[in-house]
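Colleague: coordinates for the following, if possible.
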Amino acid sequence: MHHTIEVNGLHFSYPDGHSALKGVTVSIAPGEKVALVGPNGAGKSTLMLHLNGILQSSHGQVRVGGMPIQKDNLGQVRAAVGLVFQDPDDQLFSPTVFEDVAFGPLHMGLPESEVRHRVSEALAAVGMDDYAGRVSHHLSTGEKKRIAIATVLSMNPEILVLDEPTAGLDPRARRGLIHLLRDLNQTMLVSTHDMPFVAELFPRTVIMEGGRVVADGPTPDLLADEELLEAHGLERP
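Modeller: Model (predicted):
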């Protein structure tokens, strides 16, 4: 089954009363690579946290592969949607890279041989085959970002949701990450402030501001609209 993401009329307020999402509707088809852009505080991260059930709202609906996100299918949703946080240190907590990447498959109850196979495949996919025995917190930011992506790839998700993947990377690490994401065939929703990255990798862009989707369309069209970009504080690449 190919998973799509469908968000309909999603509202969300934090306990302090801050309204972060104000009726967001967006759908992503299998195989699409979609950039999510907008100023800080636009609601991008809040939206992403709804896509695998870390946050849940009673106002509006989120479906993954036709399933509404609720307690009894959270396991299936989280297997389908791999969420990679902006700070890889939020994702890496085991003594070695191998253990970090093996964590998800082990918790899925897979046999050891399958876990090892998935770890080596995930590390190969991010170009980090030789890092299994390394200590995660000794790695560079770029290396950590790749390992964080591997920890999600080892779960074989159909959808990747990435928050600011190029933030904090030097030019070489950023270029490597772009090549890595281009070669992965998962459906992707990627939040970023890096507009050249958007132009290079994502056929479709969604612009959010103030908890709402303010534009959604082909990336070249949106990036050619100087008034639109200026209105939402976005740099033309």
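Colleague: and residue 202, how far from residue 170?
Modeller: According to CB to CB, to the nearest Å, residue 202 stands 22 Å off from residue 170. Where C-beta positions appear, they are placed from N, C-alpha and C, glycine not excepted.
Colleague: over to residue 55?
Modeller: 32 Å.
Colleague: those two: who's more crowded?
Modeller: residue 55 (19 against 11; other CB atoms under 10 Å).
Colleague: now the more buried one: which helix or strand?
Modeller: Applying DSSP states H and E as the criterion places residue 55 outside every helix and strand.
Colleague: phi, psi of it?
Modeller: Main-chain torsions, residue 55, degrees, to the nearest 10: phi -110, psi 140.
Colleague: and it, what is it in contact with?
Modeller: 12, 46, 49 (CB atoms under 8 Å, 6 or more residues apart in numbering).
Colleague: quick one: buried residues of stretch 92-111?
Modeller: By neighbour count on 16 or more other CB atoms under 10 Å, the buried set for stretch 92-111 is 92, 97, 98, 99, 100, 101, 102, 103, 104, 105, 108, 110.
Colleague: pretty sure the third one is touching residue 122, no?
Modeller: No - contact criterion CB atoms under 8 Å: residue 98 and residue 122 do not qualify, at 10.4 Å.
Colleague: ok, back up a step: from the buried residues of stretch 92-111, which shows the smallest pLDDT?
Modeller: Across the buried residues of stretch 92-111, the smallest pLDDT goes to residue 108, namely 86.
Colleague: and it, how far from residue 153?
Modeller: Residue 108 is 14 Å from residue 153, by CB to CB.
Colleague: do I have it right that residue 149 meets residue 183?
Modeller: No - judged on CB under 8 Å, residue 149 makes no contact with residue 183 at a distance of 11.7 Å.
Colleague: between these two, point out the one with more neighbours.
Modeller: Higher neighbour count among residue 149 and residue 183: residue 149, with 26 against 10, using other CB under 10 Å.
Colleague: which of the helices or strands spans the more buried one?
Modeller: Here residue 149 is assigned to helix 141-153, by DSSP H and E.
Colleague: list the helices and strands that helix packs on?
Modeller: If you count contacts as 3 or more CB pairs under 8 Å, 6 or more residues apart in numbering; DSSP states H and E, helix 141-153 packs onto strand 81-84, helix 97-107, helix 112-125, strand 159-163, helix 171-183.
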